[in-house]
Every structure is written in C-alpha cells, then in structure tokens.
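Participant: starting from these lines, generate the structure:
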Amino acid sequence: MNIKNILAFAILITGFGIQSQETKNSSKNNKKPNIIFILADDMGYNELGSYGGKIIETPNIDQLAKEGMKFSNHYCGSNICAPSRGTLMTGKHTGHAYIRDNRALPYEGNEPIPAAEITVAEILKTAGYTTGAFGKWGLGYPASEGSPNNQGFDQFYGYNGQIHAHNYFTSYLRKNDLVELNANIDAPYSVYSADIIKDRALEFVEANKNTPFFLYFCPTLPHNPYHQPDDKTLEYYAKKTGFPIGDAHSEDFSVPKYAALTSRLDQEVGEIVAKLKELNLLDDTLIIFASDNGSALTKEEDSFLRTGGDLRGRKSEVYEGGIKSPLIAFWKGKIIPGSSSSHISAFWDFLPTCAEIVKAKTPDNIDGISYLPTLLGKTDKQKQHDYLYWERSQSQAIRKGDMKANFVYDKATQKQNIEIYNLAQDPFEKNNLAETMPELKAEFVKIAQTARVESEIFPLVKKAKKAKVKTH
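Facilitator: Predicted coordinates:
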C-alpha cells in the first residue's frame, strides 16, 4: 500500500517540481530571496527518512534534502524549547543569550527577551522584508517587549506561550497580540490548531508574493500531547506498525499517533513548497528545515520508532541526542542538489547567515558565524567556530573540532561530572576520555568558565533555598 495515496501526498509531490525549468518573470525580478525557516518541535535527529528514519515517512522533507544540502554536524540552540528558539532569533549561544531555560509565567506566556535584543526578523525588516511567524513563540508574553510584533515580526499567528501550546484542540489562538476564538468552544475537536496555523502561513505567502518575505514557520508538530484529528494517517500507521491507535483525542502516546504527527508536519512542508511553486516563487526562495531540540520520547517509547537513532541522550540533556539537529537547506540555483556538509554549525549561525544574504550589518555581540559560504559551495571561504557552547540547568557542553565535553550535573553529589568524547570516532558518546586527556580537560574547563556571563534570571548554578527558621 502506497502512503502517498493514503496520506494524499501525491498532489504535493507532483506539485513539488523542484527541478522544473519553468521561469517566471515575477520571480526573476525579485533580487532578494524569500527566506523560510521551518522549525519542527521536539523532532529527533534520525526521525526523517533522509536522516536514516525507517518507520515514519517524510517524502516532502526528504525531497528538500534530495534537491538541497544536508548538514551532519548542525546543532540546536539548546536542549529545550525557549532557549533554543532564543538563540535562533538573536544569534547568541546560551552563555550570552538572555533566555537560557524555559520559564513560563503565572499568566500566559514566557519570560520576554528585552527590547534591546536585535532579532533576525528586525535585521531582515531593515532590508525591506515583510516578516511573519506562525506557530509557537515562547519568547515573551502578549504585548510584552518580547512579543513577536515587538521583535521584528509584522504578523504572528499561533501560540504565544509554551504551556498554551500543549493543546492542539485549544479554544483560541493569538493573532498578533489579540485573541482569535475558534469553533472549539461550541464543537469540541472541530478545529485542529496545526491545520489553521498552516493555513495562515500559506495566506502570508500568498499576500506577500510580490515582495521579499521572511516566514518563520514554527508549528508544534510533533510535540506532545498526541492529540489527533481522526484521519487515514492514523489508520495507515496502525496497519504499518501493528500498534493500536488508542484514543485519537487523548494526550497519551502511541506509535501511530506520534508517526502521524510527523507525517502531518511533512505534509505541511509539502503544501508550503506547492504554494511557492504555484506563485512562481520557488526558484527565489531559501528554505531551511531544522528541529528545536532532540527527541522528547523516552527510550521505551522510542524503542520501535527510533527517532533518536543511536545518539545518546534525549531532550533536556547535553548529550548529542538532546542537542543535535537535522538541518536541510534548499535554494535552487545556489545550493548544489544532493550535496552534504560536515560543517560544524548551530542555531546562532542563522542570524548572520541571513544578514550576509541581504548584505546587512550584524550586531557586534553575537556568537554566530554565517554559513552562507557553505550553502553556496564556497567551503574555502567558510569561517569556523573555535567552539560551540551550551548551558542550561547546571549542565554545560562544548564542542571544539571533533572533541566534545559534557559537564553533566550529578544530583547526588551536587557537582558536575566532566566527560570528553571524540565524536569522529565515538559519535554515540560511549568512551569517556576525560581521565586520559588531562590537558584537554583543563582547556575545556577554562572555556566553560570564560564562554559565558552570569544571568540573574537563569543562573547556571542554582542557589539552594534557605530553610525557614521558626521563631516563637
């Protein structure tokens, strides 16, 4: 049985036409490329077929990889949602970024990034781009200085805060900072948020077909909860895997429900590409696809799907399985089809890459390095990082060349254990070399101390709460 028929992908694949030689005057007059960044939510490194996935079928995203470039050494901004997205937007790693952990507020929304932060959207706006974000934000409550509209986005639609995003059948979404109600109030399960967010993103593309645009498409797929509309995709994966679906509307995990969420994301990517082709924009659009952190599935849940492959660690950990991300880039006529790159890069490189594309100045205090030379096949021009750095919740990680140090916090001893791995020889982080390489260990310790500045809101080492003393 062909999944393209079951999932109604055929029209998307047919409409993909990446190698089409059609040339339209309207697209050729657009000298600045449209830029689309598609951010999956909690997708494992090996989930996609193009990255070794065997169960979940992702033909549209895999087609981007086939006709574009696939990175093998790209990293998320963090091992958890908000700080990862913050590094993507501001070009700073978590030793310098304002947001370094998830911090939901008592009301809707998260700790806001300050107005002083310069985002990639703000840079692109100065270059004449119309900017839109559709999906999950997580970097500032509505109308705060960190809300999308105050950080360079002309339009926003979706979930402002992360906690609200934990419901695909929500009764409302945010249109900019305002509430937009939907039919779920009177008819539960009648409106699926992933569908409406995708539709709004397509409308944004249509509305801005005659001007360069930046689309930050950040849906909640395939993040839990595993709410599903009842459709043939669930039935397909139940038959393919032999696992029961369970209650489609419940929060409970099942193999078919998780697989269907990822396939739904793939279908949405296909619809975006089809819309670009329909509007004759595909030839002038850079599309980048990545995930905000590693797989959130437990090892037991992931034993069949293997979304994390053999990488050690999961979401919230500093091992490769928590911070490594697939990165696929498609740009017709610029990126060599079917190419790959082992360039070591991370989320904070996206901002300077966009700035170089549009010939804009970057802020002086960012950590990112443009990977545009790599995209264009000019590897001799590509600058390299001295190291990549991450921190969160008393743990740190550093990658320097092929060597990686993990500073893993031990709750029992309340100290960091330092582990060192040679990723070229040991990509699954099994052989700890820390005790056999004292000089390198000392170098990593020094970097761990100097690569960061302390944050009052997100301190690396959390102070112990003082015991209350009773007085009589």
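Participant: surely T353 is in a helix?
Facilitator: Yes: secondary structure assignment places T353 in a helix (DSSP: H, G, I helix; E, B strand; the rest coil).
Participant: just confirm it contacts Y371, I think it does.
Facilitator: Yes: with the criterion set as Cβ atoms under 8 Å, T353 and Y371 qualify as a contacting pair; they are 5.4 Å apart. Using the backbone N, CA and C atoms, a C-beta is placed for each residue, glycine as well.
Participant: which residues does F156 contact?
Facilitator: Taking Cβ atoms under 8 Å, 6 or more residues apart in numbering as the contact definition, F156 lies against G132, A133, F134, W137, S147, P148, N149, R174, K175, N176, D177.
Participant: the strands in the stretch 1-150 of the chain, which residues?
Facilitator: Secondary structure of the stretch 1-150 of the chain by DSSP state E, counting those that start in this stretch: the strands cover 34-40, 69-71, 74-75, 130-136.
Participant: mind checking how far the biggest helix by length in the chain is from the chain centre?
Facilitator: Scanning the chain for the longest helix, with DSSP state H as the assignment, gives helix 255-278. Relative to the chain's own centre, helix 255-278 is displaced by 15 Å; criterion: Cα atoms, centre = their mean, to the nearest Å.
Participant: just stretch 158-168 next, same as before
Facilitator: Centroid displacement of stretch 158-168 relative to its chain, using Cα atoms, centre = their mean, is 16 Å.
Participant: you'd agree A434 is up against I418?
Facilitator: Yes: A434 lies in contact with I418 (Cβ under 8 Å); the separation is 5.3 Å.
Participant: need the overlap of contacts for those two.
Facilitator: When contacts are counted by Cβ under 8 Å, 6+ apart, A434 and I418 are jointly contacted by A405, K441.
Participant: what's around K378, how many residues?
Facilitator: With neighbours defined by other Cβ atoms under 10 Å, the count for K378 comes to 10.
Participant: now do the phi/psi pair for it.
Facilitator: phi -100, psi 70 (degrees, to the nearest 10).
Participant: and the gap between it and F217?
Facilitator: K378 sits at a distance of 28 Å from F217 (criterion: Cβ to Cβ, to the nearest Å).
Participant: give the bridge partners for L388, please.
Facilitator: For L388, the residues forming beta bridges with it (DSSP bridges) are R399.
Participant: just the pLDDT at the residue nearest to L265 when sequence neighbours are not counted, thanks.
Facilitator: Distance criterion Cβ to Cβ, 6 or more residues apart in numbering; nearest residue to L265, sequence neighbours excluded, is L221 at 3.9 Å. As predicted, L221 sits at a pLDDT of 98.
Participant: just give me the neighbour total for L221.
Facilitator: Using other Cβ under 10 Å as the criterion, the residues surrounding L221 number 25.
Participant: next: G138.
Facilitator: G138 is flanked by 28 other residues according to other Cβ under 10 Å.
Participant: what of the one 4 residues further on?
Facilitator: Residues near P142, counting by other Cβ under 10 Å, number 21.
Participant: all the helices of the stretch 101-250 of the chain, residue numbers only.
Facilitator: Along the stretch 101-250 of the chain, the segments classed as helices by DSSP state H, counting those that start in this stretch run 120-126, 193-207, 232-241.
Participant: buried residues in the second one?
Facilitator: If you call a residue buried by 16 or more other Cβ atoms under 10 Å, then helix 193-207 has these buried ones: S193, A194, I196, I197, K198, R200, A201, L202, F204, V205.
Participant: dump those residues to a markdown table, plus distance to F407 and pLDDT.
Facilitator: Listed next are the buried residues of helix 193-207 as a markdown table, based on distance: Cβ to Cβ, whole Å; pLDDT from 0 to 100:
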| residue | distance to F407 | pLDDT |
| --- | --- | --- |
| S193 | 38 | 95 |
| A194 | 37 | 96 |
| I196 | 42 | 95 |
| I197 | 37 | 97 |
| K198 | 39 | 98 |
| R200 | 41 | 97 |
| A201 | 39 | 98 |
| L202 | 43 | 98 |
| F204 | 41 | 98 |
| V205 | 43 | 98 |
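Participant: Q416 contacts D410, doesn't it?
Facilitator: Yes: under the contact definition of Cβ under 8 Å, Q416 touches D410, with a separation of 7.2 Å.
Participant: domain ranges for this protein, per the record?
Facilitator: Using automatic domain parsing, the domain parsing of the chain gives 31-384, 393-450.
Participant: reformat these as a markdown table; add distance to P459.
Facilitator: Below are these laid out as a markdown table (distance: least, Cβ to Cβ, whole Å):
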| stretch | distance to P459 |
| --- | --- |
| domain 31-384 | 9 |
| domain 393-450 | 9 |
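Participant: right, so these: which one is the most enclosed?
Facilitator: Mean neighbour counts were taken over those using mean count of other Cβ atoms under 10 Å, and the top value, a mean of 21, falls to domain 31-384.
Participant: how long is that domain end to end?
Facilitator: Terminal residues of domain 31-384 are spaced 28 Å apart (Cα to Cα, to the nearest Å).
Participant: again with stretch 135-149
Facilitator: Across stretch 135-149, the straight-line distance between its terminal residues is 14 Å, by Cα to Cα.
Participant: mind checking how far that stretch is from the chain centre?
Facilitator: How far stretch 135-149 lies from its chain's middle: 17 Å, per Cα atoms, centre = their mean.
Participant: now do stretch 200-211
Facilitator: Computed by Cα atoms, centre = their mean, the separation of stretch 200-211 from the middle of its chain amounts to 22 Å.
Participant: now stretch 369-376
Facilitator: For stretch 369-376, the distance between its averaged C-alpha position and the chain's averaged C-alpha position is 19 Å (Cα atoms, centre = their mean).
Participant: also stretch 316-332?
Facilitator: Here the centre of mass of C-alpha atoms in stretch 316-332, compared against the chain's by Cα atoms, centre = their mean, lies 8 Å away.
Participant: so for that stretch, mean pLDDT?
Facilitator: If you average the pLDDT over stretch 316-332, you get 98.
Participant: from what I can see K175 touches N160, true?
Facilitator: No: proximity of K175 to N160 does not meet the contact threshold set by Cβ under 8 Å, at 10.6 Å.
Participant: overlap in contacts, these two.
Facilitator: Where contact means Cβ under 8 Å, 6+ apart, no residue is in contact with each of K175 and N160.
Participant: ok, back up a step: closest one to F458 among the domains of the chain?
Facilitator: Taking Cβ to Cβ, domain 31-384 is the member of these nearest to F458, at 3.7 Å.
Participant: average pLDDT for stretch 439-449?
Facilitator: For stretch 439-449, the mean per-residue pLDDT is 98.
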